[in-house]
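A.B. asks: pasting the structure only:
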């Protein structure tokens, strides 16, 4: 998968998360050494920015391992997300992934219908072989 395709996938999913829960997923920040440091680095939610991020983080030594990028929501929540994209090969550990960490206490996701909608969003967008929530496999 090319860098441009990866950035479009990441961008599309971040937009879907924002539409799903605009309170929690409207703003994303690069992770920093401290909370104060990270809050200075809000990401620009557009394909060009994400394309540069993925290209900069692409494994230069092992091209088939793609890129890993991670962000967090700052003071809201906080939630965090990481993507491993562009991975290819026939080894079992060569997998693409999207991992979303939700706040421990989040009223929005204590509602079963909201959890189901989030699971459906992951399932329909990424078409995963396996989906885990807090380490437990979700049957779908």
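C.D. replies: Received, thanks. Predicted model, so just to flag it, every value in this text is computed and none were measured. Residues are numbered from 1 along each chain as shown.
A.B. asks: contacts and neighbour counts: CA atoms only from here.
C.D. replies: OK.
A.B. asks: report the buried residues of stretch 34-51.
C.D. replies: 38-39, 42-43, 45, 47, 50-51 (16 or more other C-alpha atoms under 10 Å).
A.B. asks: which of those sits closest to residue 106?
C.D. replies: Nearest to residue 106, judged by C-alpha to C-alpha, of those is residue 39 at 20.8 Å.
A.B. asks: the closest one and residue 76, how far apart?
C.D. replies: Residue 39 sits at a distance of 11 Å from residue 76 (criterion: C-alpha to C-alpha, to the nearest Å).
A.B. asks: now for these two: what residues contact both?
C.D. replies: Residues touching both residue 39 and residue 76 by C-alpha atoms under 8 Å, 6 or more residues apart in numbering: none at all.
A.B. asks: bridged to residue 58, which residues?
C.D. replies: For residue 58, the beta-bridge partners under DSSP bridges are residue 67.
A.B. asks: burial check on it, number of neighbours?
C.D. replies: Neighbour count for residue 58, taken as other C-alpha atoms under 10 Å: 22.
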